[in-house]
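>>> Predicted coordinates and the sequence they were generated for:
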Amino acid sequence: MPDNESRFQQLAARLKEHDYRLTPQRVALLRLIASSEGHPSAAHLYEQIKAQFPTTSLATVYKTLNLLKDLGEVLELGFSDDDNRYDGSRPDPHPHLICMRCRKILDPQVSLVDDLTQEVAEQTGFQVISHRLDFYGLCPDCQQNQ
Ligand code: ZN
Ligand code: MN
């Protein structure tokens, strides 16, 4: 996994290729997306950016996220009962661990996902292109506060 700075540089380079102007507020937004700490929602990113750049709009945040998503540089996690969340740090499909109480989302370092994908492909004859693997539970903090 690249560090936040090199991931930011990658995202900035990809967007520049697509004539995206890197204004200071967009740079700040890209840095947040590059780290994607806790897999933020668009609204959460907007709140953080707005604190520094009050003229930023939520539409700008969505536009940037959607552009990066279309370029395959951001992984979008959709939920039927909650806002979509974003991972710009690791855009490849990978398992997620979701706290049902505080909605924290983590990337567990699990092995065997490649084996599982291969098993599914062999069983079904599918060419597997992507997957969605979410684990739900209570994080250690929320277990303490039960
Ligand atoms: Zn929690
Ligand atoms: Mn993730």
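Ah, there it is. Ligands and ions are numbered 1, 2, ... in the order given.

>>> How about the chain: which residue is closest to ligand 2?
Closest residue of the chain to ligand 2, CB to the ion: Asp87 (3.7 Å). Using the backbone N, CA and C atoms, a C-beta is placed for each residue, glycine as well.

>>> Now do that residue: how many residues are near it, please.
21 (other CB atoms under 10 Å).

>>> Skip the chain neighbours and tell me the closest residue to it.
Excluding the flanking residues, the one nearest Asp87 by CB to CB, 6 or more residues apart in numbering is Leu75, at 4.3 Å.

>>> give me the number of residues near the one you found?
22.

>>> Equivalent analysis for Ser111, please.
Neighbour tally, Ser111, other CB under 10 Å: 7.

>>> tell me the secondary structure for it?
coil (DSSP: H, G, I helix; E, B strand; the rest coil).

>>> distance of it from Pro95?
Noted for Ser111: a distance of 10 Å to Pro95, by CB to CB, to the nearest Å.

>>> now do Asp82
18 Å.

>>> which one of the two has more residues nearby?
The neighbour comparison of Asp82 against Pro95 (other CB under 10 Å) goes to Pro95, with 17 against 11.

>>> thinking that one is in contact with Phe135, fair?
Yes: Pro95 is within contact range of Phe135, at 6.6 Å (criterion: CB atoms under 8 Å).

>>> shared neighbours of these two, anything?
Common neighbours of Pro95 and Phe135 (criterion: CB atoms under 8 Å, 6 or more residues apart in numbering): Pro108.

>>> and the residue nearest the centre of the chain, backbone torsions?
A centroid search over the chain (CA atoms, centre = their mean) returns Asp87, at 1.1 Å, as the residue closest to the centre. As for Asp87, its main-chain torsions (degrees, to the nearest 10) stand at phi -130, psi 100.

>>> and it, what does it touch?
36, 39, 74-75, 77, 107.

>>> Max pairwise distance over those: which two?
Spatial extent of the contacts of Asp87 (CB to CB) is set by the pair Val74 and Asp107 at 14.2 Å.

>>> if you count what's nearby, which of these two comes out ahead?
Val74 (22 against 15).

>>> which phi and psi does that one have?
phi -130, psi 140.

>>> Good, we can wrap up now.
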